[in-house]
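Enquirer: okay, sequence plus prediction incoming.
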Amino acid sequence: MKIAVVAANGRVAKKVIAEAVSRGHEVVAFGRHDENDTQAKVYHKKDILDLTKEDLAGFDVVVDGFGARTAEQQPMHVKTSQYLCDLLSGTDTRLLVVGGAGSLYVNQEHTAVLSDSPDFPAEFLPVARAQGEELAKLRERNDVKWTFISPAADFQADGERTGKYLLAGEKFTLNSRNESIISYADYAIAIVDEIESGKHIQQRISVVRA
């Protein structure tokens, strides 16, 4: 498949690129850095908001790896994903968004989310709320084949690649060891599996280590 990864030099994006390349997919990376720090053979220095419809034409999937690091940057989650939606509107190109765990539901009625919990870490509240709004805006887009993929609560950059994960839905899910944990590497496996299957169009899914 032909895959574009934007914000490609982010740590999650680089894992997704490595996984996709290892499976033989054609990957084109777009990033703001001068140098290509990814395993993609083709790299274009281009910010998300500078991309055009022509840049993304012909791809089967676009992976949005954007992640804001400061509270001031958090509104960019909505801005960048909606910009990509506008570029892909009405096309067959799917959009996979690297999401967060804070918007996962913690009750059957789907009225309370993980970030509402009293013990949710305060330092992660800005990004959780920003990505929750990002998901809400995506749900309004019936013109785009989007999928929002939430990791487990403990999202480990340097965690091991076990090669196994549990696929869940909108509800905050623990594994058999009562854990909500996944490594970037295993999350990347789940992303590429979804790229290949395309089973969850206009849905949010979540993953946790098996």
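Expert: Ah, there it is.
Enquirer: next up, the contacts around the nearest residue to G163 once chain neighbours are set aside.
Expert: Distances taken as Cβ to Cβ, 6 or more residues apart in numbering put I189 closest to G163, at 6.6 Å, once the chain neighbours are dropped. In short, each C-beta sits where N, CA and C put it, glycine included. Neighbour list for I189: 19, 161, 163, 165 [criterion: Cβ atoms under 8 Å, 6 or more residues apart in numbering].
Enquirer: can you count the residues close to D60?
Expert: Neighbour count for D60, taken as other Cβ atoms under 10 Å: 16.
Enquirer: and it, how close does it get to K2?
Expert: 5 Å (Cβ to Cβ, to the nearest Å).
Enquirer: got it, and E140?
Expert: 27 Å.
Enquirer: just to revisit the earlier point, reformat the contacts of I189 as a markdown table; add secondary structure and pLDDT.
Expert: Converted to a markdown table, the contacts of I189 look like this (DSSP: H, G, I helix; E, B strand; the rest coil; pLDDT from 0 to 100):
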| residue | secondary structure | pLDDT |
| --- | --- | --- |
| E19 | helix | 98 |
| R161 | coil | 96 |
| G163 | coil | 96 |
| Y165 | strand | 98 |
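Enquirer: now render the residues you listed as CSV, adding neighbour count and distance to Q39.
Expert: Below are the contacts of I189 laid out as CSV (neighbours: other Cβ atoms under 10 Å; distance: Cβ to Cβ, whole Å):
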residue, neighbour count, distance to Q39
E19, 23, 9
R161, 14, 15
G163, 9, 18
Y165, 21, 21
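Enquirer: please identify the helix or strand for the residue lying closest to S103 once chain neighbours are set aside.
Expert: Closest residue to S103 apart from its sequence neighbours, by Cβ to Cβ, 6+ apart: G132 at 3.9 Å. Assigned by DSSP states H and E, G132 belongs to helix 125-139.
Enquirer: so what touches that helix?
Expert: 67-68, 71, 74-75, 77-78, 81-82, 85, 97, 99-103, 113-115, 120, 144, 146, 148, 202, 204.
Enquirer: narrow those residues to those in helices?
Expert: 77-78, 81-82, 85 (DSSP state H).
Enquirer: which of these has the most neighbours?
Expert: S81 (27 neighbours).
Enquirer: so I201 touches R94, yeah?
Expert: Yes - with contact defined as Cβ atoms under 8 Å, I201 reaches R94; the gap is 7.0 Å.
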